[in-house]
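Asks: build me a structure from this.
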Amino acid sequence: MVKQERYKTAVQSIWKGRAAITVLEGALNPANGRTEPTLRTLAEGVPCRLSYTTVKATEPSEGGAVAAQAVTLYTGPNLDIPEGSRVTVTQNGVTRDYERSGTPAVYIAHQEVPLQLFRGWA
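Replies: Next comes the predicted model:
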């Protein structure tokens, strides 16, 4: 039987990336009395790992061929990443911004969060 702590340590030992979670919230500006969008960082330096899966070689489109790729973020099970968050991940010397696009699958040692490239705030 696998001990839970050893399993968790083994899974998390391959996480070489770091993530920052940012949300866009409304904050009251006292100077003009308006609610204005403000960025708030929920967490920084979170250990993680990105996994890439090619769904198909290409997807049909009216223009040129477009490669389809699914991106999954693996991180600790107790981190809450709200929908619409921007997730900035640095892994293997590359930093990219993603947005949370799905409900996470939560397990004992980790959670799997589907992501897509960040295209801007809605």
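
Asks: can you give me the strands in the chain?
Replies: 17-29, 34-59, 66-75, 86-91, 94-100, 105-106, 111-117 (DSSP state E).

Asks: quick one: low-confidence ranges for the protein?
Replies: 1-2, 55-67, 121-122 (pLDDT under 70).

Asks: what is the residue nearest the centre of it paired to in the beta sheet?
Replies: Nearest to the mean C-alpha position of the chain, counting by C-alpha atoms, centre = their mean, stands residue 87 at 4.3 Å. As for beta bridges, residue 87 partners with residue 21, residue 98 under DSSP bridges.

Asks: quick one, what contacts it?
Replies: Contact analysis of residue 87 by C-beta atoms under 8 Å, 6 or more residues apart in numbering lists 19-22, 73, 81, 97-100, 113, 115, 118. (C-beta placed from N, C-alpha, C; glycine too.)

Asks: mind doing that once more with 7 Å?
Replies: 19, 21, 73, 81, 98-100, 115 (C-beta atoms under 7 Å, 6 or more residues apart in numbering).

Asks: same question for residue 119.
Replies: Contacts of residue 119 (C-beta under 7 Å, 6+ apart): none.

Asks: mind putting the strands of the chain into CSV with distance to residue 3?
Replies: Formatted as CSV, the strands of the chain follow (distance: least, C-beta to C-beta, whole Å):
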stretch, distance to residue 3
strand 17-29, 26
strand 34-59, 20
strand 66-75, 20
strand 86-91, 28
strand 94-100, 31
strand 105-106, 20
strand 111-117, 20
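
Asks: which one of the contacts of residue 87 sits closest to residue 53?
Replies: Using C-beta to C-beta, residue 115 is the member of the contacts of residue 87 that lies nearest residue 53, at 11.8 Å.
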